[in-house]
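>>> below is the structure, and that's it, no one-letter string:
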């Protein structure tokens, strides 16, 4: 199989591959979340109600992001396994299938979200801010393709080790959003609608850049020549076997956020939702090093699995956890120490000034959640890389939707600890679940190695 520098890198030493892939991935993920954070910062200036409305839309928005990342992981897994097996023609075909699938899914999700948005928001408890939520949500969900397709196409770029092309469009999207947000929200007086338009235009331009590289410049390692395309339903199935469970993982997280918002509404009202919305976005940024390293492990694990180098698979899992944990400890310390300063960015206006101490307190509690992420994220991504997306989904569901939700409810309501109990329950459930996830990947890799050795 013809190779280039990127392919040599991704099929070589797993540690070096993770190091090279993870930093650009972390940077791109940071910029993705920056779009969301920037919206929150500027919308916070409009008052607590618009910010709370953004909080109700956020879990639905993250479902779209989850589908994009999930299908991107599915394509990444399939393509990287073909690359590991040195089957470039099948890798090319998988890349085209991945692109077609992204367009189809974008259309379906957009229609579903636009039709069901209002009743879903009311069910979530957003009736008091429904007008703000509808103004923002309609624009976002009408342009689902612009949000969903870039991470899917980026997954194919990551599979071939071309991390620059998976990262640069995200940077472009973030910069555009940074420039347009204050102009549309305040200068043109569009309010929360302006935030939504800015959020959509950035990814739209980044998608155009990706399609330019693929169909105009045509200098990617993978070929997107439809003359050589062979429609294969099994190829779609292989992508979806990983992509759907990976997408549903984000759905689980979004549903969890909906339940948390609902519980917080009961115990404290919209103000607590606004605090959770702002604070949790900062915590999400703190998770990015661990999630980025885990995402890099998808490609490296897929190549190792395709080449049947199971020792490399073990190295990938353990090294990913080690590096992610080191980064997470540093981030946790920074968030705890500078919680008050960070909280100010969401409370700079007179109408949101009262949120500052509440957000700071939230950060000093929930920053510890970041320490559990390396174990769960790395294990789940390695499972996705080897094509076992269902296992990753089951483990994530058990960790986030069962353990986290149960402990949050028990401490928050059964033990009458209110907001503080909900947050402590999330910490306890997340910690137990993440350690269980990592134990499962170690057992799985040991089983692969024993099975190979016994066969010999």
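It's in. Since this is a predicted model, take the numbers as computed values, not measurements.
>>> what helix or strand does residue 421 sit in?
helix 418-455 (DSSP states H and E).
>>> my bad, residue 230
Using DSSP H and E, residue 230 falls outside every helix and strand.
>>> that one: neighbouring residues, count only.
11 (other Cβ atoms under 10 Å). Every C-beta, even on glycine, is put in place using the N, C-alpha and C of the backbone.
>>> next up, the contacts around it.
residue 93 (Cβ atoms under 8 Å, 6 or more residues apart in numbering).
>>> ramachandran angles for it?
phi -120, psi 110 (degrees, to the nearest 10).
>>> quick one: pLDDT of it?
In this prediction, residue 230 carries a pLDDT score of 89.
>>> how close does it get to residue 387?
Residue 230 sits 21 Å away from residue 387, going by Cβ to Cβ, to the nearest Å.
>>> before we move on, what about residue 263?
36 Å.
>>> ok, those two, which is more surrounded?
Neighbours per residue (other Cβ under 10 Å) separate residue 263 from residue 387, with residue 263 holding more: 24 against 19.
>>> let me know the pLDDT of the more buried one.
91.
>>> pretty sure it contacts residue 425?
No. Using Cβ atoms under 8 Å, residue 263 is not in contact with residue 425, being 9.7 Å away.
>>> what touches both of those two?
408-409, 412.
>>> in helices, which of those residues fall?
Cross-referencing the shared contacts of residue 263 and residue 425 against helices under DSSP state H gives 408-409.
>>> tell me which of the shared contacts of residue 263 and residue 425 is nearest to residue 30?
residue 408 (27.1 Å; Cβ to Cβ).
>>> what count of nearby residues applies to the closest one?
Neighbours of residue 408 using other Cβ under 10 Å come to 26.
>>> ditto for residue 406
Residues near residue 406, counting by other Cβ under 10 Å: 13.
>>> who's in contact with whichever strand or helix holds it?
For residue 406, the host element (DSSP H and E) is helix 405-409. With contact meaning Cβ under 8 Å, 6+ apart, helix 405-409 is reached by 256, 259-260, 263, 421-426, 428-429.
>>> swap in 6 Å and give it another go.
Helix 405-409 has contacts (Cβ atoms under 6 Å, 6 or more residues apart in numbering) with 259, 422, 425-426, 428-429.
>>> now do stretch 214-226: distance from first to last residue.
Separation of the first and last residues of stretch 214-226 by Cα to Cα, to the nearest Å is 12 Å.
>>> report the distance from it to the chain centre.
26 Å (Cα atoms, centre = their mean, to the nearest Å).
>>> isn't residue 283 right up against residue 366?
Yes. Counting by Cβ atoms under 6 Å, residue 283 does reach residue 366; the two are 5.1 Å apart.
>>> packing partners for the helix holding residue 421?
helix 233-268, helix 310-337, helix 373-385, helix 405-409 (3 or more Cβ pairs under 6 Å, 6 or more residues apart in numbering; DSSP states H and E).
>>> quick one on the thing from earlier: what is the mean pLDDT for the helix holding residue 406?
On average, helix 405-409 scores 92.
>>> now do stretch 355-375
Mean predicted confidence for stretch 355-375 is 92.
>>> tell me the buried residues in that stretch?
355-356, 358-375 (16 or more other Cβ atoms under 10 Å).
>>> centre of the chain to it, how far?
Counting by Cα atoms, centre = their mean, stretch 355-375 comes out at 18 Å from the chain centroid.
>>> residues contacting residue 68?
148, 151-152 are the contacts of residue 68 under Cβ under 6 Å, 6+ apart.
>>> for it, which three-state class applies?
Per DSSP: H, G, I helix; E, B strand; the rest coil, the secondary structure class of residue 68 is helix.
>>> what of residue 125?
Taking three-state DSSP, the label given to residue 125 is coil.
>>> that one reaches residue 263, doesn't it?
No. Using Cβ under 6 Å, residue 125 makes no contact with residue 263, being 9.8 Å away.
>>> may I see the buried residues of the host helix or strand of residue 172?
Counting by DSSP H and E, the element that carries residue 172 is helix 163-182. Within helix 163-182, the residues that count as buried by 16+ other Cβ under 10 Å are 163, 165-174, 176-178, 180-182.
>>> and for stretch 88-102?
Applying 16+ other Cβ under 10 Å to stretch 88-102 flags 88, 90-99, 101-102 as buried.
>>> what's the closest of the residues you listed to residue 10?
residue 91 (11.8 Å).
>>> show me what contacts that closest one?
79, 82-83.
>>> dump the residues you listed to CSV, plus pLDDT.
Formatted as CSV, the contacts of residue 91 follow (pLDDT from 0 to 100):
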residue, pLDDT
79, 92
82, 90
83, 88
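>>> and which of these is nearest residue 381?
residue 79 (15.2 Å).
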